[in-house]
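>>> Below are the sequence and a predicted model for it; my questions follow.
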Amino acid sequence: MELIRVIDPHDPRVAAFRDIRERDLVGRQGLFVAEGKVVLNVLLGAPDYELQSVLLLESRVAGLSETLARLPAEIPVHVATAEVMNAIAGFHIHRGILALGRRRGVPTAADLLAALPRRTLALVLVGLSNHDNIGSIFRNAAAFGVDAVFADASCCDPLYRKAIRVSVGGVFRVSFARFDDMGGFVDALAAKGIEPAALSPRGETEIGAFDRPGRLALFLGTEGEGLPETLMARMRTLRIAIAPGFDSLNVAATSAIALHRLADVGR
């Protein structure tokens, strides 16, 4: 493999990696940036995604021989000093590994619903705008074998760099789709025989007493406001018992506890 040495932060060959933080906020026209060795390895094995190029800190090359050997021959691998790489990114890149990727296709919620297996467990995210929470939920979803994640229009993009990093590549392992019409989406779940259940501190049934149906979509809401009452009125509501006098759990921690209880992994 020929390594492409970059000595100028303004080299057009690495333009897509420039000023990462600012461009994360406005999007990359279908592209995303992934960080770190573990995430890069997951990306390489993800059939729904394709690698476009790689930018490495020159001191990391020797330790990445196995990963680099997996790259298709046509993928450009750029290397730079720490000074140049930091100037390209706009901040200190301590992992020294950046990868530019693209999702091969963007399924609609209807497409993803139609593809779900006969026995299924899905997550539905409502109003989650924190990248750490989104990333952690996808990490949990991948760990517990969730079949799909659906996110409403107000959720942040799971393919933001920080969400990808926090998910440890889990976002590449779990299929996801976005939807705009909440009412229509709940109706679509019913049409597919998928029972919706809302997880909330105000839930009526403790999750340990919940008899999981074969096809389940678990709804998670943003911290603070939680899920809208009008939405919870359309489905069963679940709660996780915690000590008296305390408000609630973090939504990502909540997802881990709930999935451990409801998933088929280990059973």
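Okay, I see it.
>>> I'd like the mean pLDDT over stretch 50-58, please.
The average pLDDT within stretch 50-58 is 95.
>>> Check which helix or strand Arg178 maps to.
strand 176-179 (DSSP states H and E).
>>> Next: Phe219.
strand 215-221.
>>> That strand: partners in the sheet, and parallel or antiparallel?
Here strand 215-221 is paired, per DSSP bridges, with strand 120-126 (parallel), strand 195-199 (parallel).
>>> Take those strands and lay them out in JSON lines including distance to Arg261.
C-beta: built from backbone N, CA, C; applies to glycine. JSON lines is the format used below for the strands paired with strand 215-221 (distance: least, CB to CB, whole Å):
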{"stretch": "strand 120-126", "distance to Arg261": "11"}
{"stretch": "strand 195-199", "distance to Arg261": "10"}
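>>> Can I get those strands in TSV including mean pLDDT?
Converted to TSV, the strands paired with strand 215-221 look like this (pLDDT from 0 to 100):
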stretch	mean pLDDT
strand 120-126	98
strand 195-199	97
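>>> which of those strands is buried the deepest?
Mean neighbour counts were compared across the strands paired with strand 215-221 using mean count of other CB atoms under 10 Å; the top stretch is strand 120-126, at a mean of 24.
>>> Contacts for that strand, please.
The set of residues external to strand 120-126 that reach it, using CB atoms under 8 Å, 6 or more residues apart in numbering, is 116, 134, 137, 141, 144-152, 154-155, 182, 185, 194, 196, 214-222, 227-228, 231, 255, 259, 262-264.
>>> Which parts of this structure are helices?
For the chain, applying DSSP state H gives helices covering 20-26, 37-44, 65-69, 82-89, 109-115, 131-143, 161-166, 170-173, 182-191, 229-232, 251-262.
>>> what comes up buried for the second one?
Of the residues in helix 37-44, those buried by neighbour count under the rule 16 or more other CB atoms under 10 Å are 37, 39-40, 42-44.
>>> Quick check on the contacts of strand 120-126: which are buried?
For the contacts of strand 120-126, buried by 16+ other CB under 10 Å: 116, 134, 137, 141, 144, 146-152, 155, 182, 185, 194, 196, 215-222, 227, 231, 255, 259, 262-263.
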